[in-house]
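J.: next come a sequence and a model predicted from it.
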Amino acid sequence: MLRLTQTFDVQTDIISSVLAKEETVRRSKDCAGVADTRILNVERDGGVVYSWRGASGTTRVGKYDPHTKQNKLLYTFDKQVCISSCSLNKEETLLAVSLTQSTRRREEGFKPASKCLTLLIEIHPINNTKVLKAVDCKVKVQFLYPDSSRSTALESHLLLAAEDGYVDQYHIALVKQEGYRVVMQNPERLVRDRVAEEFCWAQWDSGPQRLFYLTCRKKHVLKCVQFFPDRNFESVFELPLELPSNPFTSVRFVNFGYDHYQEQENEGLKLVVFTDRTGNHPLHKHKDSTYTIAFVHRGFSKTYTVALEQTALSASPANLRPLFINLGYYIVVYLAGHFLHLINCRQQDLLCHSVFLSGADAHVDALGADSVVVSVPSRRLLDIQTGRIYTIDLSHDFLLQLLSSSRPEAQRLAALHCMLVHLGPDQDLEQKIINWISENVMSFNAFDQIQEFILASLYRICYQQSLSLDKVLPYSSVFEKKELPVALTAIPGVKCTPELLAQPVIKGKGRSLQGYWEELQWIIERMKYFEAVPNPRYRTTQIKSDWTKLRATLNSEKKKSSNYLRHLEENTKKVLSMVDTWRLDKRVVPLFQEEDLQQRVLVGLMVDRLREHLNRHLPRLGKKKIDMLVVNYFAKLLELVRHMLESVWLKLKLGPAVLCLNQQGSSEDWAMFHVMCRILEATEGLCLPLPPGYSTLLTVLGVRCLPRHTFLQYVDHGFLQLTEPFVSRLMTDLDNSGGNEELKFSVLKRLPECMEERVFQQWDHPISSACISREYVRIQLEKYTKTRVSLEISPHLIPNLL
């Protein structure tokens, strides 16, 4: 399921370079063991800060640059020291280091008098060392990496987080000397601000430069401090949490590098916060075989209880701590040897839109049960034991395997949505999904795969254009069912319990900030609105009654004077004008080549209704943008149908001969007809329009593939439409032999009177000639009668006129 791509390996990227410089170590029998390379931190720019033991009993600190693939020596301690925390500033002029007393007997060398000694070192060049802290508790250090257009900064900012429960920010002024030396200005009087205090848990997010921490006073409150490029910071977020009285056995630090001298904490809760650009703010906590994901932006949490094997329940707590990985649209919850869950963060209405795997399906080759893995910036994983960094992706091939008929339908639906929404747009993957649909064209018991393909693809396209559409656009057809199938509402071995969350508070600059905090605040406010109003998500089937009335209007004489129909036609013209600009010279299937009044009216009606819905629920977007989104939505719908048809058309190697009515259909024609029938069934079930010309092409294939009596039954039941282009082709392509003549008469008597008159003009047959002659005589007689009456009346009118 998870595809891990190695981007860094301490053996090949660091140790080989270190050994080349340490000639004495190179002569040793066990070179790697002597070097003792340890990864200390991964900075925001991707640089890997590490330490190793020099050949002469020293401890050295270096940095690996992933962009240049080069290693750089930063500083050398003349003794062996135990580095528990380390960070390098953005300009690579300062190094912050926390040294600790080792509890291991084999660790010999420098031992600070205090439990932890925190140093600030000038390294460009090596010039001065300042002691920041000498305390009997753990201390974590982390430089800020502000977004700044300046190539060089004359000030650095350092966070110092102590186990005593406080976080300080040091403002370190720098000055250039002799053109190249960068030293601290007045190092004895560093400006310091208190950022947080009385916390029991803290997490650093290097990407957006945020600090999350959990206070443990009367009640537990999750807070967030946002750091700004102008050296300022502000508390912008608070969220009360319901947690046990003592959730942690000791103060926990997340994403502050890795301490190789700290015993792994296996007791108490595991808490992680993830954020992304869309305003998503999920919070994760775990205990035993249960984990909770709190969707702060949605206002609720879900607790997942997983049924593990009896042998797993008796295992040590260290082996029952899942790994949480943020993929944006999904959160991966992985417990090696037990389960792998892909939790959908956007759509939480049903479990069937998340992927739940166990057993062999949940195995990840690169991660074993004993792996110690931490998250690093840019959604990567660091395996501490092997010293490797991986980027994370989802395996396309594995997700395609989940579509097989042997899989539970909930799993198939979740995999389909994952590929279409999260991994799209991917032309190769989309083509494989279309091939799968064509090979499994009949609807499944629990869901219709064609409907899901259309709605999920449209959801992805529009959601990328505007994130606000998340709660109002349809994304799955299962909600159109009167009763949801059990196969989609229950996952074997997983129990889900939802709960409401307390409302978060966004304060200070967070209210006026653009980007993440603005989006989060707006989403929270809209969630309150969506909870209060009925049916905020648009359902295409809501227009069925209006569509029925319109179809009746189309068959009446008033249609030509209807202002409403003209308004709908204007909507349709906007949609088709966009469709006509796409791949005009590469069309394979003969669509968009006729008027098809019914489909044009349906397109216009759908545009009207969706536009009204968005204007009502998302006025913030503005009428102009909403109009553009709606037109693009239905243009893309027609394009999706065309793309599906073209893919199957090319796969079956069909050509222009398909349109010849005087030939019997082949097996390939029948396969195409079957697929088109299913697309028609799927779109009619959702009341969605089809491209103009679709009905004609389907009827042409029907008359080629079906027995004549069956074809007429399809027509009588309304499944096949006798469009004027089809009937015209029928009259001209087929000769007047017995069977063809009978078919033509059967078709003619099923036509509306107005169309019948026009089609008669194209049929070369004695009866049609007689009908045309009779109609001509009737018209001439009517003209003659009107002329005679007018002549008889006119003499009586002359005196009056005089």
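T.: Thanks, I have the structure now. It should be emphasised that the depicted structure is a prediction, and the values quoted were computed from it without experimental measurement. Numbers count the residues shown, from 1 in each chain.

J.: with adjacent residues omitted, what lies nearest to residue 387?
T.: Nearest residue to residue 387, sequence neighbours excluded (CB to CB, 6 or more residues apart in numbering): residue 10, at 3.0 Å. To be clear about C-beta, it is placed using only N, CA and C from the backbone, and glycine gets the same treatment.

J.: count the neighbours of the one you found for me.
T.: 24 (other CB atoms under 10 Å).

J.: again with residue 593
T.: When neighbours are counted by other CB under 10 Å, residue 593 registers 13.

J.: next, the residue nearest to it when sequence neighbours are not counted: phi, psi?
T.: Excluding its sequence neighbours, the residue lying closest to residue 593 (CB to CB, 6+ apart) is residue 693, at 5.3 Å. Dihedral pair for residue 693: phi 100, psi -10, per degrees, to the nearest 10.

J.: would you confirm that residue 693 contacts residue 595?
T.: No: with contact defined as CB atoms under 8 Å, residue 693 does not count as touching residue 595 (9.2 Å).

J.: in terms of neighbours, single out the busier of these two.
T.: residue 693 (20 against 12).

J.: can you give me the strands for the stretch 51-200 of the chain?
T.: In the stretch 51-200 of the chain, the strands defined using DSSP state E, counting those that start in this stretch lie at 59-65, 70-77, 83-88, 94-100, 116-123, 126-135, 139-143, 155-162, 166-177, 181-184, 191-197, 199-205.

J.: and the angle from the third one to strand 155-162?
T.: Taking axes from the mean of the first three to the mean of the last three CA atoms, to 10 degrees, one finds strand 83-88 and strand 155-162 inclined to each other by 160 degrees.

J.: just want the most central residue of this structure.
T.: In the chain, the C-alpha nearest the mean C-alpha coordinate belongs to residue 422, at 3.6 Å (CA atoms, centre = their mean).

J.: now that residue. Nearest residue, chain neighbours left out?
T.: In this structure, residue 422 finds its nearest non-sequential neighbour in residue 329, 4.4 Å apart by CB to CB, 6+ apart.

J.: mind checking how far that neighbour is from residue 417?
T.: Counting by CB to CB, to the nearest Å, the gap from residue 329 to residue 417 is 10 Å.

J.: now do residue 41
T.: To residue 417, residue 41 is 37 Å away according to CB to CB.

J.: do the same with residue 327
T.: For residue 327 relative to residue 417 (CB to CB), the value is 14 Å.

J.: same thing with residue 512?
T.: For residue 512, the distance to residue 417 - CB to CB - is 36 Å.

J.: against residue 46, how distant is the residue nearest to the centre of the chain?
T.: If you go by CB to CB, the gap between residue 422 and residue 46 works out to 24 Å.

J.: list the contacts of residue 463.
T.: Contacts for residue 463 were tallied using CB atoms under 8 Å, 6 or more residues apart in numbering; they are 346, 421, 469, 470, 473.

J.: equivalent analysis for residue 209, please.
T.: Residue 209 touches 44, 144, 145, 146, 147, 226, 227, counting by CB under 8 Å, 6+ apart.

J.: tell me where the model's unsure across the stretch 501-650 of the chain.
T.: The stretch 501-650 of the chain contains residues with pLDDT under 70 at 510-511, 555-561, 580-587.

J.: now the helices: where do they sit in it?
T.: Taking DSSP state H, counting those that start in this stretch as the criterion, the stretch 501-650 of the chain contains helices spanning 516-532, 544-554, 563-579, 597-617, 623-651.

J.: can you show me the strands along the stretch 201-350 of the chain?
T.: Going by DSSP E, counting those that start in this stretch, the stretch 201-350 of the chain shows strands at 210-216, 220-227, 233-241, 252-254, 270-273, 282-287, 290-295, 300-306, 323-326, 330-335, 339-344.

J.: and the third one, what does it pack onto?
T.: Spelled out, it's strand 233-241. Under the contact criterion of 3 or more CB pairs under 8 Å, 6 or more residues apart in numbering; DSSP states H and E, strand 233-241 touches strand 220-227, strand 505-506.

J.: would you turn those into a markdown table with distance to residue 526?
T.: Shown next, in a markdown table, are the helices and strands packed on strand 233-241 (distance: least, CB to CB, whole Å):
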| stretch | distance to residue 526 |
| --- | --- |
| strand 220-227 | 21 |
| strand 505-506 | 14 |
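
J.: first-to-last residue distance for stretch 63-73?
T.: Stretch 63-73 has its terminal residues 7 Å apart, counting by CA to CA, to the nearest Å.

J.: avg pLDDT for that stretch?
T.: Here stretch 63-73 scores 92 as its mean pLDDT.

J.: so what touches that stretch?
T.: If you take CB under 8 Å, 6+ apart as the criterion, stretch 63-73 is touched by 7-8, 13-14, 17-18, 21, 46-50, 60-62, 74, 88, 92.

J.: same check on stretch 532-539?
T.: 471, 472, 473, 474, 479, 480, 529, 530, 610, 613, 614, 617.

J.: check stretch 640-652 too.
T.: 431, 434-435, 437-438, 450, 453-454, 457-458, 587-589, 591-592, 668, 671-672, 675-676, 679, 683, 690-691, 694.

J.: flag every buried residue along it.
T.: 640, 641, 642, 643, 644, 645, 646, 647, 648, 649, 651, 652 (16 or more other CB atoms under 10 Å).

J.: what do you get for stretch 437-451?
T.: Result for stretch 437-451 [16+ other CB under 10 Å]: buried residues 437, 438, 441, 446, 447, 448, 449, 450, 451.

J.: mean pLDDT lowest where, among the strands of the stretch 51-200 of the chain?
T.: Ranked by mean pLDDT, those bottom out at strand 181-184, which scores a mean of 84.

J.: what pairs with that one, parallel or antiparallel?
T.: Counting by DSSP bridges, the strands paired with strand 181-184 are strand 166-177 (antiparallel).

J.: what angle sits between the strand it pairs with and strand 199-205?
T.: Using the same axes, to 10 degrees: strand 166-177 against strand 199-205 is 40 degrees.

J.: going forward, the N-terminal residue is numbered 33.
T.: Yes, from this point I'll number from 33; that puts the last item at strand 198-209.
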